[in-house]
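Asks: Just the structure for this:
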Amino acid sequence: MTKGFKLNYLQSTIIEPFSLSGVGVHTGRAITARIEPSDTNSGICFWREDIHEQNNKIQAHINNTVSASLCTRIENNDGVGINTIEHFMSALFAMGIDNANIYVDGPEMPILDGSSELIVKALLKAGQRQQKYPASYLKILKEVSIINENGAWARINPSSNLELSLHIDFPDPGIGQQKIDYSFTTSSYIETISPARTFCMLRDVENMQHAGLAKGGTLENAVVVDNGKILNEGGLRMNDECVRHKALDCMGDLFLTGMPIFGKIEAFRPGHALTLKLLHTLMADKSAYVVKTISEDVAPARGFVNLPKSAAAIPA
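Replies: Numbering: from 1, shown residues only. This next block holds a predicted model:
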C-alpha cells in the first residue's frame, strides 16, 4: 500500500475512506458523498443512502446512462439514479482509482467549487492501494464518428494514450472560441485540468432556474459570464478555463467504460450528450475497439504522479 500514486498495472482502490460535502448545483440541497475502498473488479459504484425501499446501488457504466439536462446521470433497473457524477468520475479516472464505493445522501453529487480539484486533493490524501488483478484498457482500433443536428460533432481514433482535441464556440465574447489539445498524464491533469470550473452565461442561469435547475448555482461553484464580463471575483483561474473544464467533463464521461481509453477524441462543441452518444456508438461497434490487459509495455500515464506543489496543500 502507498500514499503516493504509481503507474498502475494492477487495479487500484483507495486506502482511507473520506467524505466531501457541499451543495447540489441543480437541487440546491446540502449533499455529503462518502468514498470508501472496494473489491477488485467492482468498478465505481454509487449508493443512494436516502433510498431505503428500492435497490439503491447504481453502477457507473455507459449502459446505465440516461438523458439528463446539463449533467451526466446514471440509473439502475429500478429507476434509482444519481446526477452530476462527472467531476468525481474524472478525478477517479485521473488518479488511477478503478474500484470505489461512493455513498451519497441525495439525488446528485456535491458540486464543491465547480472543478475536480478538491476531489483530487482528497484522493491524494486518502492514498492508493493496488489490488490483485491486472487493470484493463480499451484500445481504439478504427475511427468512430458522430454528427449532431446542431453542428456539433465528435470522433475517436486510435492512439497510444488518451488525447483530447476539443473546440468550443459560445456567443458570449467572455467565452467565445477556445481550443485545447491535450495528452493525458495524471500530473498535468492535477496542474492544468482539475482547477477548471464549470461555467455558464448569466442568461442561461436565469433560464435554468425558471426550469427548476441550477438552484444551488453560485459564483462560488461556477464561472458566470455576462456580455464579455466574468462576474466572479478574481476572474478566471486560466485564460482558457472553459475549454479545460470541457476536457475535465469529457474524461469523467469516458471513464463510464469502466477503464482507461487509449484513443484520440476530437470534438466541436463538446458536451455530456455528445460524449455519451460517441461512447454508445463506439461500444455498439465491436470491431472498433478491443479490451486489453495493461502491461509494462503499454502502461497509461494514469496514476503516475510527481506531486506538484500546487496539489500539496490538502484542504482541512
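
Asks: Where does pLDDT dip in the stretch 51-200 of the chain?
Replies: Of all residues in the stretch 51-200 of the chain, none has pLDDT under 70.

Asks: element containing the closest residue in space to I175 that isn't next to it in sequence, please.
Replies: Once flanking residues are discounted, I175 sits nearest to C242: 5.1 Å by Cβ to Cβ, 6 or more residues apart in numbering. All C-beta atoms are positioned from the backbone trio N, CA, C, and that covers glycine. Following DSSP states H and E, the helix or strand that holds C242 is helix 241-254.

Asks: Restrict that helix to CA atoms and write it as CSV.
Replies: Provided in CSV are the C-alpha atoms of helix 241-254 (Å, rounded to 0.1, in the frame of the first residue of the first chain):
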residue,chain,number,x,y,z
GLU,A,241,-10.6,27.7,-18.2
CYS,A,242,-13.8,27.0,-20.0
VAL,A,243,-12.4,24.6,-22.6
ARG,A,244,-10.2,23.0,-19.9
HIS,A,245,-13.4,22.2,-18.0
LYS,A,246,-14.9,20.6,-21.0
ALA,A,247,-11.8,18.3,-21.1
LEU,A,248,-12.4,17.5,-17.4
ASP,A,249,-16.0,16.6,-18.1
CYS,A,250,-15.1,14.6,-21.1
MET,A,251,-12.6,12.4,-19.2
GLY,A,252,-15.2,11.8,-16.5
ASP,A,253,-17.8,10.6,-19.1
LEU,A,254,-15.2,8.5,-20.9
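
Asks: Now the host helix or strand of T13: average pLDDT?
Replies: Counting by DSSP H and E, the element that carries T13 is strand 10-14. Mean pLDDT, strand 10-14: 94.

Asks: in the protein, which spans are helices?
Replies: For the chain, helices defined by DSSP state H occupy the ranges 86-94, 117-126, 186-188, 202-210, 241-254, 272-284.

Asks: who wins for proximity to N157 among those helices?
Replies: helix 272-284 (11.0 Å; Cβ to Cβ).

Asks: buried residues in the closest one?
Replies: By neighbour count with 16 or more other Cβ atoms under 10 Å, helix 272-284 contains the buried residues 272-279, 281-283.

Asks: Quick one: list the elements packing against that helix.
Replies: Using 3 or more Cβ pairs under 8 Å, 6 or more residues apart in numbering; DSSP states H and E as the contact test, the elements touching helix 272-284 are strand 144-147, strand 153-158, helix 241-254, strand 261-268.

Asks: coming back round to it: looking at the residue nearest to I175 now. What's its pLDDT?
Replies: 98.

Asks: which residues touch L256?
Replies: 60-62, 65, 72, 74, 89, 276, 279 (Cβ atoms under 8 Å, 6 or more residues apart in numbering).

Asks: same thing but at 6 Å, please
Replies: Counting by Cβ atoms under 6 Å, 6 or more residues apart in numbering, L256 touches 61-62.

Asks: any idea which of the helices and strands packed on helix 272-284 is most buried?
Replies: Comparing these by mean neighbour count (mean count of other Cβ atoms under 10 Å), helix 241-254 ranks first with a mean of 25.

Asks: Let me know which of the helices of the chain is the nearest to S295.
Replies: It is, among these and with distance given as Cβ to Cβ, helix 186-188, at 18.6 Å.

Asks: How about the closest one, which residues are buried there?
Replies: Applying 16+ other Cβ under 10 Å to helix 186-188 flags 186-187 as buried.

Asks: contact partners of stretch 28-46?
Replies: 11, 13-14, 17-21, 24, 57-60, 82, 99-106, 109-110, 131-133, 215-216, 258.

Asks: From G79, how far out is the nearest residue to N221 once chain neighbours are set aside?
Replies: Nearest residue to N221, sequence neighbours excluded (Cβ to Cβ, 6+ apart): G114, at 4.2 Å. For G114, the distance to G79 (Cβ to Cβ, to the nearest Å) stands at 28 Å.

Asks: For N150, give me phi and psi.
Replies: phi -80, psi 10 (degrees, to the nearest 10).

Asks: Near it, how many residues? Count them for me, please.
Replies: 8 (other Cβ atoms under 10 Å).

Asks: if we can go back for a sec, so which of the helices of the chain gets nearest S194?
Replies: helix 117-126 (4.5 Å).

Asks: which secondary structure elements does the closest one contact?
Replies: In this structure, helix 117-126 makes packing contacts with helix 86-94, judged by 3 or more Cβ pairs under 6 Å, 6 or more residues apart in numbering; DSSP states H and E.

Asks: Need the contact partners of the helix it packs on.
Replies: 72, 109, 116, 119-120, 186, 189, 248-249, 251-253, 255.
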